[in-house]
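>>> Here's my sequence, what's the structure:
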Amino acid sequence: MKEFTDRLQGRIGHVFANPALLEQALTHRSAGQPNNERLEFLGDSVLNCAMSIALFARFADLREGDLSRARASLVCQDALARVALNIHLDACLRLGEGELRSGGARRPSILADALEAIIAAVCLDAGFETARAVVGRLFEPLLAEINPVFPGKDPKTALQEWLQGRRLSLPTYTMLRVLGEAHAQEFEVACEVPRFSLRTVGRGGSRRAAEQKSAELALVRLKQM
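Purely as a prediction, here's the structure:
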């Protein structure tokens, strides 16, 4: 187990002065006491604060509502579980036999809770600034994915809400063509907004990806009108 936790500390960029904190953060309630439930509570607050600072500094032009939506997309269970798997947290968890047998080590809720607990443990071990630096490193790939045009939302949803907010008809999506060989296809989809005689074309590795791209282009054009 020590080999795994040593590697984990290397991946998060913090070596614990008090290893017991890390051990507690990795212990699910099914494995007994002390477990990570209280740390999870603290970690949620530390993560939200650290992420708020990161977003505030990174996106100087975003309004409060957009910042809140972007933060919500980064601190949700799916995002936390994704970060946890990136650092192989599943290999370090301490679970009861029932959770182990049922695949609990890769359950998104357990991974997300454990990650929050680790963030809390770092904060208790070395202070908030160290915890904030750890959050920044771990979440940098997700931060880099945020599009300030529609933070926290996929383009199709953002376009739909933009039109609905103005009581306008929803866009239509039309498959135009499929390019390439079967193993490496690229889809081309048109998005049309009749009210503005607007038509954009997006490409992607799937029909859904192409629709999202065409919606993104349409929303950018509409916001420029």
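
>>> Please give me every residue in contact with Pro19.
Applying Cβ atoms under 8 Å, 6 or more residues apart in numbering, one finds that Pro19 lies in contact with Thr5. For every residue, glycine as well, the C-beta is placed using N, CA and C.

>>> Please renumber the chain so that the first residue is 14 from this point on.
Sure, I'll start numbering at 14, so the last one becomes Pro32.

>>> looking at the protein, which residue lies furthest from center?
Ser210 (34.9 Å; Cα atoms, centre = their mean).

>>> what's across from Val191 in the sheet?
In this entry, Val191 is beta-bridged to Phe200, by DSSP bridges.

>>> my guess is it meets Gln198, correct?
Yes - because the distance of 5.5 Å satisfies Cβ atoms under 8 Å, Val191 is recorded as touching Gln198.

>>> secondary structure element for the residue nearest the centre of the chain?
Centroid check for the chain by Cα atoms, centre = their mean gives Ala92 as the closest residue, at 3.0 Å. Using DSSP states H and E, Ala92 sits within helix 90-99.

>>> and that helix, what other elements does it pack with?
helix 121-139, helix 141-158 (3 or more Cβ pairs under 8 Å, 6 or more residues apart in numbering; DSSP states H and E).

>>> which other residues reach the one helix or strand Leu235 maps to?
Assessed by DSSP H and E, Leu235 sits inside helix 220-237. By Cβ under 8 Å, 6+ apart, the surrounding residues in contact with helix 220-237 are 160, 162-163, 167-169, 171-172, 175, 184, 186, 188, 199-204, 206, 209, 211, 213-217.

>>> ok so, going back, how much space separates the residue farthest from the centre of the chain from Arg180?
Here Ser210 is placed at a distance of 18 Å from Arg180 (Cβ to Cβ, to the nearest Å).

>>> next one: Glu77
25 Å.

>>> Can you give me the pLDDT of Leu98?
For Leu98, the model assigns a pLDDT of 93.

>>> just checking, it touches Arg119?
Yes - shown here, Leu98 and Arg119 form a contact pair, counting by Cβ under 8 Å, at 7.5 Å.

>>> Could you chop this structure up by domain?
15-158, 168-237 (automatic domain parsing).

>>> For those domains, which has the smallest mean pLDDT value?
Among those, domain 168-237 scores lowest, with a mean of 90.

>>> Off-centre distance for that one?
23 Å (Cα atoms, centre = their mean, to the nearest Å).

>>> And it, end to end?
Length of domain 168-237, first residue to last, Cα to Cα, to the nearest Å: 16 Å.

>>> ok, now stretch 160-174?
16 Å.

>>> Buried residues in it, which are they?
Under the neighbour-count criterion of 16 or more other Cβ atoms under 10 Å, stretch 160-174 has 163-169, 171-173 buried.

>>> Narrow the residues you listed to those in strands?
Using DSSP state E, no member of the buried residues of stretch 160-174 falls in strands.

>>> how about the residues you listed in JSON lines, adding distance to Val28?
Shown next, in JSON lines, are the buried residues of stretch 160-174 (distance: Cβ to Cβ, whole Å):
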{"residue": "Phe163", "distance to Val28": "39"}
{"residue": "Pro164", "distance to Val28": "34"}
{"residue": "Gly165", "distance to Val28": "34"}
{"residue": "Lys166", "distance to Val28": "38"}
{"residue": "Asp167", "distance to Val28": "38"}
{"residue": "Pro168", "distance to Val28": "41"}
{"residue": "Lys169", "distance to Val28": "44"}
{"residue": "Ala171", "distance to Val28": "42"}
{"residue": "Leu172", "distance to Val28": "46"}
{"residue": "Gln173", "distance to Val28": "47"}
